[in-house]
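Q: could you work out the structure for the sequence below:
(one chain, ligands or ions: 1)
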Amino acid sequence: MSNRTVHTVGIVMNGVTGRMGFNQHLKRSILAIMQQGGVRLSESEFIMPKPLLVGRNAAKLEAISKECGGLEWSTDVNKALDDPQYSVYFDAQTTDRRAEAVKAAIARGKNVYCEKPTADNLEVAYDLYQVAKKAGIKHGVVQDKLWLPGLLKLKTLRDTGFFGEILSVRGEFGYWVFEGDTVSAQRPSWNYRKEDGGGVIIDMLCHWRYVLDNLFGEVKGVSCLGATHVKKRWNEAGQPYDCTADDSAYSTFELASGVIAHFNSSWCVRVRRDDLLTLQVDGTRGSAVAGLRECWVQPYGATPRPTWNPDVESPFQYNDDWQKVPAQETYDNAFKRQWELYLKHIVKGGPFAWDLLEGAKGVQLAEKGIESWQKRCWVDVPELKG
Ligand SMILES: NC(=O)c1ccc[n+]([C@@H]2O[C@H](COP(=O)([O-])OP(=O)(O)OC[C@H]3O[C@@H](n4cnc5c(N)ncnc54)[C@H](O)[C@@H]3O)[C@@H](O)[C@H]2O)c1
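A: Numbers count the residues shown, from 1 in each chain. Got it, this is the predicted structure:
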């Protein structure tokens, strides 16, 4: 007789008809976990997620359910929230709908896990954290970049002392998002409308907050200049619309560790670099450049000594002077890894660091970035207390 223990965790999943909800959270995380036989806690103990897909559009939900092997689905979110089989509510709806929906789930005693940003302003995001804390439920916010292979390699380099003293971090994020008239757009149109919760600052500074806080030091100040470079785009129905949200942000961050970080975030830039996101870290003993998956290093002893002379061909092939960091572990989908940790937290308790307070910190940095842009000055980022 088998002595296998399986903990079933019911999850009401809202927003699975969207880009992130479907691809990253349902297919590459929850379904992948189900297909691998659950989250393994030991030889004989596993966690098996049991999703219930919810949303407005029955036809879309039915099609997704079918594609994923016949998952439960419903257009009645309230009924789903009242069903005791489901202890977790997950939200990947558009940002402007998040806080209200998550709060409603908390009010029904659900544990919650959700996409970032947790709200479009700090007051609401911090209140959401307080509500969750008071209710005593388990909460988590997606901070996927922390589990990207490239960033995990950077973390290992940091932990082994490769950099010496870290001086600065340069983040370059972006790619050309098509306007939608000739070539179809790769992102939803609400991203380019402020009134619908769009904007690259609210979208990306949330990410940079947890990346910086976790890898290089707590963010203490921000200077940010935003821009709406592309003024007109075409929506999902082929209709033109005016872009009211920022599509590019040029931001500098001061960290408590003394490290200076500068990130360019743009949906109007063409890629001539290793990846859609690259992070260059320069330290007294060595430097590294990480992309989404790979990471390249140049230690002090292998640093070339260029001199400035534009009158002759460069004797250096600068890219050749870097060494690729080998894969020292196997890397899984970043969203899936965080889901597995969250599910363990649900079943076994124990700390889970990436919660609604951390989510609120991301929103805080975005809000301070926007304030800096509006006031054209540096803005302090005060500590958010738990
Ligand atoms: N972690 C990351 O790297 C990452 C990347 C991109 C987006 N996101 C976040 O994920 C969220 C979703 O982004 P997306 O790109 O998947 O957007 P999307 O437009 O593709 O999906 C939005 C989802 O919300 C639902 N929705 C929208 N309006 C609704 C309404 N009025 N009533 C009910 N449901 C509604 C849609 O049906 C869809 O399921 C956003 O908050 C975004 O900031 C996170």
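
Q: would you mind naming what in the protein lies close to the ligand?
A: Of all the residues in the chain, those in contact range of the ligand (CB under 6 Å from any ligand atom) are 15, 17-21, 55-56, 92-95, 97, 115-117, 142, 144, 188, 190, 203. Where C-beta positions appear, they are placed from N, C-alpha and C, glycine not excepted.

Q: mind doing that once more with 5 Å?
A: Residues of the chain lying near the ligand by CB under 5 Å from any ligand atom: 15, 17-20, 56, 93-95, 115, 142, 144, 188.

Q: just among the residues you listed, which is most surrounded?
A: Within the residues of the chain next to the ligand, most neighbours by other CB atoms under 10 Å means residue 142, with 28 neighbours.

Q: could you say which helix or strand holds the closest residue to the ligand within the stretch 201-350 of the chain?
A: The stretch 201-350 of the chain approaches the ligand most closely through residue 203 (5.5 Å), counting by CB to the nearest ligand atom. Using DSSP states H and E, the element containing residue 203 is helix 200-215.

Q: wait, what's in contact with the residue of the stretch 201-350 of the chain closest to the ligand?
A: Each residue near residue 203 by CB atoms under 8 Å, 6 or more residues apart in numbering is listed here: 117, 191, 265.

Q: the last one: neighbouring residues, count only.
A: One way to gauge burial is a neighbour count; for residue 265, by other CB under 10 Å, it gives 26.

Q: quick one: secondary structure of it?
A: strand (DSSP: H, G, I helix; E, B strand; the rest coil).

Q: do the second one as well
A: Remark: residue 191 carries the secondary structure label helix [criterion: three-state DSSP].

Q: what sits closest to it if chain neighbours are left out?
A: residue 198 (4.5 Å; CB to CB, 6 or more residues apart in numbering).

Q: hang on, the one you found is in a strand, isn't it?
A: No - read with three-state DSSP, residue 198 is coil and lies in no strand.

Q: so it sits against residue 190, correct?
A: Yes - the pair residue 198 / residue 190 is scored as a contact, 5.3 Å apart, by CB atoms under 8 Å.

Q: when these two are compared, which one has more neighbours?
A: Taking other CB under 10 Å, residue 198 and residue 190 do not tie; residue 198 has more neighbours (24 against 17).

Q: give me the pLDDT value at the more buried one.
A: You'll see residue 198 listed with a pLDDT of 97.

Q: all numbers from here: first residue = 668
A: In the new numbering, first residue 668, that becomes residue 865.

Q: quick one, helices of this protein?
A: Using DSSP state H, the helices found in the chain span residues 686, 699-702, 725-734, 744-749, 762-774, 789-802, 816-826, 867-882, 1001-1015, 1023-1042.
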